[in-house]
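Enquirer: Kindly return the folded structure for what I paste below:
(chains A and B)
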Amino acid sequence: MTEPELATPFRERAERALGDRFLQEALTIATTKFITLRREAFAELPEGEALRDQARAIKEATLQRLDYWLERLVDNVERRGGHVHYATSADEARAIVLDIARRTGARMAVKSKSMATEEIHLNEALEAAGVTPVETDLGEYIIQLAHERPSHIIAPAIHKTKGQVAELFARELGRETEPDPEVLTRIARVELREKFLQADLGISGANFAVAETGTVVLVTNEGNGRMVTSLPRVHVAVMGVEKVIPSMTDLAVFLAILAKSATGQKLSVYTSLVNGPRRGGELEGPEEFHLVLLDNGRVRQIAGPLRESLNCLRCGACLNVCPVYRQIGGHAYGYTYPGPIGILLTAMLNGPASVKDLAHASSLCGACMDACPVRIDIPRMLIELRKEVSEGRIAPWSERMVFGAFAWLLRRPGLYRLGARLGRLAQAPLARGGRIRRVPLFFGEWTRTRDLPAIAPRTFQERWADLEREARR
Amino acid sequence: MTSRTEFFRRIRAEVERGRGAAPGTTAPRPAQPRERLDVLRRELSERWRENLDCFGREFERVAGVLHRVGDAREVPGVVARIAAERGMRKVVAWPGETLGLDIVTPLIAQGLEAAAMPGAEVGPAERERLRALAAAADLGVTAADVAIAETGTLVVVSGAGRPRSTSLLPACHVAVFDREALVESLLQMGLVLEAWHEGAEPSWRGAAINFITGPSRTADIELTLTRGVHGPREVHAVFVEQGIRAHRA
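Expert: Numbering: from 1, shown residues only, chains lettered A, B, ... in the order given. As a prediction, the model looks like this:
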């Protein structure tokens, strides 16, 4: 299945985002606020750094024995009356969910926010099969009404104004209203409450799955996670295989850092631990519980170059601090997962060729790694991806040629020195204040969006030689 | 469709290939969580005042309202007052055995439409009716099995006589707890969860454990904080100093 955004090249998508004044403003406000809230939350938690190290160690240890922990999870889910399904690809995952919907005669599915079901494009498939999917996270609901995609992992509609949401509700729901978030939220509550009570199928993702107990854990602020897992008669949870953690003790460690990294809350409003179908004596809970384990490119990274990105908690912290995300927002990336981690996840799901442009959409400043609750070394993997993109001849020929020539020159010190001297002469008409703003011919591509530092009046090698002479004197 | 065997064969092969890539350790799990929890509870019982104060501060930070009463008999009065102040009339509550007190009779005496949820299995039609009742209610009264001081969180275990909808569908949720429910931190809550899952599970236990940290909220429209999007708009906690004789998780 193709992503609609990809019809235009990345550069044009980015340019469009840069030219969108509202988006620019919305991104600055949102990301700045998230950064501040996160910083304040960790400032209050002296043991925060140690918890981050511990969380990382747990993820690594789980990955070392992923087969063992996943099997424990499966056994425990089945022991509690749940059904487990295995999806190697997105196609297979969709087919599994559709089959459950068909078999149980479902007409309407309420969904709590799930990046995994975004990743497999489940909504389109449900619609095509005659099952109406209803996104119930307010942000997801808004973008579903607008036929758009999420632009942030945890705040999917940050690119929309309250005015746009009011217009949308008027057009799609026939509810004329003032553009007041309070009023708009109330309308959504009423609309969606009705859907929760009607729906036959509840679809969720999973923030964690605890192997020792067979528990699926959902974290939400709105309460839609609780509704989706309690009210419909069938509940399907779709989760990437890397979401499994060994024990409840481990879960406590992750809960202590997840919300702080995402929104700066000490804990999200609702953390729901779900252990399969309704039990005797309970008033609510599904009659059937299904867990879909999703591979979709993850498994081959257990021993692959993107292994570390399997530790991602999907908190969105790296998006907020990324100078590129802050400028272009989520849609310009073109795939389900935006931001620095999104580039790695896109490569994981769709192969390195899918990120030949995106691999460069990073300044490698390392802010993402500092913000990541489990300290994923995103810059290192981005550099490796760039290498792969370049060696796999995925980069454009002009870029490969220029960098090839540069590498050749760097290996020949004599020529390099000569080149520097010639370059200094050649750049004279172009350089101003130590920068070159534009270079001719196709090299101009380089300076279209950035300056080129001019060759210094005296190169490092020349200054080094000067220093040595001085020292001898 | 991929079979379990095939799925795990691939994972096992990759795990084998990636062996030693980056060592790590899982969180050290308590060997006998129930015994450890008993020890912890004894320690905590000495510090319940500090922990209650801390809970109160954090609960208020997340827009919860804490009420303190001496005796369980005062709880219906607190609930009636909350309802009266907001013009609410319809109340659903957990039954006496799980709440620790009969709240429905005194509330009805005060002129409210109050209904207790059943304590045992009922048929599908009755479940449907009770769910509609909860959806139409203004206020739901439950117990809280644990109150986490560090985060201002109420933990509620579902099960027989412990419907999930009571704390979810009404616009206002009131949870009753006492000092035995208090723990200090999320990490202690991890121990509680380990203890709950040790050995065979009690027959009354349901399939869901919910952590509730304040009223339902969203900031999805222009990052404007708005409460009560799907779950309750308000959450109250009533602390009973003399304790309640509730059925505990």
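
Enquirer: who's in contact with the residue minimising distance to the centre of chain B?
Expert: Centroid-nearest residue in chain B, with CA atoms, centre = their mean: B:V156, separated by 2.0 Å. B:V156 makes contact with B:142-145, B:162, B:167, B:175, B:209-210, B:212, according to CB atoms under 8 Å, 6 or more residues apart in numbering or on different chains. Quick note: C-beta positions are derived from backbone N, CA and C, even for glycine.

Enquirer: do A:L364 as well
Expert: Counted by CB under 8 Å, 6+ apart, A:L364 has contacts A:379, A:382-383.

Enquirer: of the residues you listed, closest to A:L73?
Expert: Ranked by distance to A:L73 (CB to CB), these are led by A:L382 at 31.3 Å.

Enquirer: how many other residues sit next to B:R86?
Expert: 14 (other CB atoms under 10 Å in any protein chain shown).

Enquirer: I'd like to know how far it sits from B:L112.
Expert: 12 Å (CB to CB, to the nearest Å).

Enquirer: Remind me what the host helix or strand of A:L37 packs against, helices and strands.
Expert: Assigned by DSSP states H and E, A:L37 falls within helix A:21-43. On a contact count with 3 or more CB pairs under 8 Å, 6 or more residues apart in numbering or on different chains; DSSP states H and E, helix A:21-43 meets helix A:10-19, helix A:248-262, helix A:317-321, helix A:325-328.

Enquirer: one more time with 6 Å
Expert: Helices and strands touching helix A:21-43, by 3 or more CB pairs under 6 Å, 6 or more residues apart in numbering or on different chains; DSSP states H and E, are helix A:248-262, helix A:317-321.

Enquirer: coming back round to it: list the beta-bridge partners for the residue nearest to the centre of chain B.
Expert: B:N210 (DSSP bridges).

Enquirer: per-residue confidence at it?
Expert: B:V156 carries a pLDDT value of 98.

Enquirer: ditto for B:E97
Expert: pLDDT, read off for B:E97, is 93.

Enquirer: With A:T2 instead?
Expert: pLDDT for A:T2: 54.

Enquirer: Give me the angle between the helix holding A:L37 and helix A:10-19.
Expert: 90 degrees (axes from the mean of the first three to the mean of the last three CA atoms, to 10 degrees).

Enquirer: what angle do helix A:21-43 and helix A:248-262 make?
Expert: Using the same axes, to 10 degrees: helix A:21-43 against helix A:248-262 is 130 degrees.

Enquirer: for helix A:21-43, which positions count as buried?
Expert: A:23-24, A:26-27, A:30-31, A:33-35, A:37-38, A:41-42 (16 or more other CB atoms under 10 Å in any protein chain shown).

Enquirer: circling back to that earlier point, mind putting the helices and strands packed on helix A:21-43 into TSV with distance to chain B, mean neighbour count and mean pLDDT?
Expert: Output for the helices and strands packed on helix A:21-43, formatted as TSV (distance: least, CB to the nearest CB, whole Å; neighbours: other CB atoms under 10 Å in any protein chain shown; pLDDT from 0 to 100):
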stretch	distance to chain B	mean neighbour count	mean pLDDT
helix A:248-262	3	25	97
helix A:317-321	12	27	97
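
Enquirer: Identify whichever of the ones you listed lies nearest to B:G123.
Expert: Nearest of those (CB to CB): helix A:248-262, 33.8 Å.

Enquirer: which residues touch that closest one?
Expert: With contacts defined as CB atoms under 6 Å, 6 or more residues apart in numbering or on different chains, helix A:248-262 is touched by A:38, A:41-42, A:51, A:54-55, A:58, A:154, A:208, A:210, A:265, A:267-268, A:313, A:315-317, A:373, B:26-27, B:29, B:186-187, B:189-190, B:193-194.

Enquirer: which residues of chain A fall in strands?
Expert: Taking DSSP state E as the test, the strands found in chain A are A:83-87, A:108-111, A:132-135, A:201-204, A:208-210, A:215-220, A:234-240, A:244-245, A:270-274, A:288-294, A:431-432, A:435-436, A:452-453.

Enquirer: so can I have CSV of those showing mean neighbour count?
Expert: Below are the strands of chain A laid out as CSV (neighbours: other CB atoms under 10 Å in any protein chain shown):
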stretch, mean neighbour count
strand A:83-87, 21
strand A:108-111, 24
strand A:132-135, 21
strand A:201-204, 29
strand A:208-210, 25
strand A:215-220, 26
strand A:234-240, 26
strand A:244-245, 26
strand A:270-274, 27
strand A:288-294, 25
strand A:431-432, 14
strand A:435-436, 14
strand A:452-453, 13
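
Enquirer: I'd like the ones you listed laid out as a markdown table, including distance to A:G163 and mean pLDDT.
Expert: Output for these, formatted as a markdown table (distance: least, CB to CB, whole Å; pLDDT from 0 to 100):
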| stretch | distance to A:G163 | mean pLDDT |
| --- | --- | --- |
| strand A:83-87 | 40 | 98 |
| strand A:108-111 | 26 | 98 |
| strand A:132-135 | 21 | 98 |
| strand A:201-204 | 31 | 98 |
| strand A:208-210 | 37 | 98 |
| strand A:215-220 | 26 | 98 |
| strand A:234-240 | 34 | 98 |
| strand A:244-245 | 42 | 98 |
| strand A:270-274 | 30 | 98 |
| strand A:288-294 | 37 | 98 |
| strand A:431-432 | 43 | 84 |
| strand A:435-436 | 41 | 86 |
| strand A:452-453 | 42 | 84 |
